[in-house]
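need a structure here:
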Amino acid sequence: MLGPIKQYVLSGVNRRYKDETNRRIMVVNLFAAVGMSITFLLGSRAFIDGEYFLSTILFSASVIFALSQRLQVRVATAKARTWSITLLIFCLMALTLLLVITGGKDNTGPLWIYLVPPVTMFFAGFIRGLLALVAYTIACTIVLFGFNEADFVANYSYAFKTRLLYSFATVTFLSAFYEYSRQKSYDTALYLSEQFERQAKHDHLTQLLNRRGAQQCLEREYARMQRNKRHFSIAIADIDRFKSINDSLGHEQGDEVLRQISNIFKTRSRGQDVLARWGGEEFMFIFNDTDEAGAVKALEQIRATLNNAPLNINGNEIYITSSFGVCEVTPDIDTSSAIRLADKALYHAKEHGRNLVCAASTLPCR
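Purely as a prediction, here's the structure:
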């Protein structure tokens, strides 16, 4: 029994969606089921009692509730979910307004309007929900006080009508306040979560991706390569004689060297490429849709820029060079092998004079 219920509630939920989106989908499923069931039962009761107009309204509402749920599940797009929620809210508002007009069973119809504020606020959000509720309140006021003697409107006392609107306005205010507070809390939690996620993936010194962030990029790029059959290249850069820089200038100035070099690397990289601090004085370049020859060409330009761009450290200009090792990722060379070969090419460049770009394919023994 619980299996089909759980399957119904989770209809339309997707791991790719945000938690807030999935929560709304589940609530729409639940609310549509409850609304469909209650309106169908009340419609059946009205039909048995011979109140055919009321039963027609209730049966129609039951169908619309069902359609709103199926719309978000079958189409499964953001636009469809918006239309589903709009249809659900419109159905609820139209149904309760008709119950106010007709009186429902023994003039108890107006009691259902208290469902409107919390449902509208939850599904539509604070701003749109508030606007919708203002329009709904105006419509109710016109119905209750604009057609005082009309035969098609149920007869309510003046005290009942005024207290109905006062209490409805109170529930609307409380629902709006709750939704505003809930949305603010959610936005704050989402912001903090994004900040923590960013800190987990970025290097605090250079603001580049760190090793973890780079690994995730490599996994995504490798999966894309397998789908599209388009190769990419990995390069590792190492600052030449960085230990002597730290020893002569101090660690704080060494950090400043890393910051300035990372800025040079970043400004000379193409927009689609990825730059990360791989660790210590090592940086990683991920050249999307680029073969080894293209990556070598790009790195030679970066190397030349670094050679001709003196760093300003404590008011002194110093020239620093870097060595690079690059390897192309192919179906035969996965990312782990490519990193190992790029690292091997880097040390080959170091051993042959530094300030060089070395491709893994040129190594005498891979």
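
quick one, helices of the chain?
For the chain, the helices defined by DSSP state H occupy 2-9, 19-48, 52-74, 78-102, 116-124, 126-146, 158-201, 211-228, 242-249, 251-268, 292-307, 335-351.

what's the local residue count around the spatially closest residue to P118 that is not a sequence neighbour?
Among residues not flanking P118 along the chain, S175 sits closest, at 4.7 Å (Cβ to Cβ, 6 or more residues apart in numbering). No exception for glycine: its C-beta is placed from N, CA and C like everyone else's. If you count neighbours by other Cβ atoms under 10 Å, S175 ends up with 22.

S175 contacts F123, correct?
No - look at S175 against F123 with Cβ atoms under 8 Å: they stay out of range, at 11.5 Å.

which neighbours do the two share?
In terms of Cβ atoms under 8 Å, 6 or more residues apart in numbering, S175 and F123 are both contacted by the residues G129.

if we can go back for a sec, contacting residues around the residue nearest to P118?
Neighbours of S175 in contact, by Cβ under 8 Å, 6+ apart: P117, P118, T120, M121, G129.

point out where the stretch 101-250 of the chain drops to low pLDDT.
148-152 (pLDDT under 70).

how about 90 then?
Within the stretch 101-250 of the chain, the segments meeting pLDDT under 90 span 101-109, 122-125, 143-158, 182-183, 185-202, 204, 225-231, 243-250.

what's the answer for the stretch 251-366 of the chain, then?
251-252, 267-272, 279-280, 309, 312-317, 331-332, 362-366.

JSON lines for the helices of the chain, including distance to F283?
Listed next are the helices of the chain as JSON lines, based on distance: least, Cβ to Cβ, whole Å:
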{"stretch": "helix 2-9", "distance to F283": "48"}
{"stretch": "helix 19-48", "distance to F283": "35"}
{"stretch": "helix 52-74", "distance to F283": "46"}
{"stretch": "helix 78-102", "distance to F283": "38"}
{"stretch": "helix 116-124", "distance to F283": "48"}
{"stretch": "helix 126-146", "distance to F283": "45"}
{"stretch": "helix 158-201", "distance to F283": "16"}
{"stretch": "helix 211-228", "distance to F283": "10"}
{"stretch": "helix 242-249", "distance to F283": "11"}
{"stretch": "helix 251-268", "distance to F283": "6"}
{"stretch": "helix 292-307", "distance to F283": "10"}
{"stretch": "helix 335-351", "distance to F283": "11"}
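
any idea which of the ones you listed is most buried?
Among these, helix 116-124 has the highest mean neighbour count (mean count of other Cβ atoms under 10 Å), at a mean of 22.

hey, C-alpha coordinates of it in CSV?
This file holds the C-alpha atoms of helix 116-124, laid out as CSV (Å, rounded to 0.1, in the frame of the first residue of the first chain):
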residue,chain,number,x,y,z
VAL,A,116,-6.4,30.1,0.1
PRO,A,117,-3.7,32.2,1.9
PRO,A,118,-1.2,29.5,3.0
VAL,A,119,-1.6,27.5,-0.2
THR,A,120,-1.1,30.6,-2.4
MET,A,121,1.8,31.9,-0.4
PHE,A,122,3.6,28.5,-0.5
PHE,A,123,3.2,27.9,-4.2
ALA,A,124,3.4,31.4,-5.6
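
report the contact partners of the closest residue to L95 other than its chain neighbours.
Of all residues not flanking L95 in the chain, A61 sits nearest, at 4.6 Å (Cβ to Cβ, 6+ apart). With contacts defined as Cβ under 8 Å, 6+ apart, A61 is in contact with G35, T39, G43, C91, A94, L95.

and those, which two are furthest apart?
G43 and A94 (14.7 Å; Cβ to Cβ).

outline the domain layout of this protein.
Using automatic domain parsing, the domain parsing of the chain gives 2-198, 211-362.

turn those into CSV, including distance to H204.
Output for those, formatted as CSV (distance: least, Cβ to Cβ, whole Å):
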stretch, distance to H204
domain 2-198, 11
domain 211-362, 10
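
closest one to L205 among those?
Of all the domains of the chain, domain 211-362 comes closest under Cβ to Cβ, at 5.8 Å.

now do that closest one: distance to the chain's middle.
31 Å (Cα atoms, centre = their mean, to the nearest Å).

end to end on it, go ahead and measure it.
End-to-end span of domain 211-362 (Cα to Cα, to the nearest Å): 26 Å.
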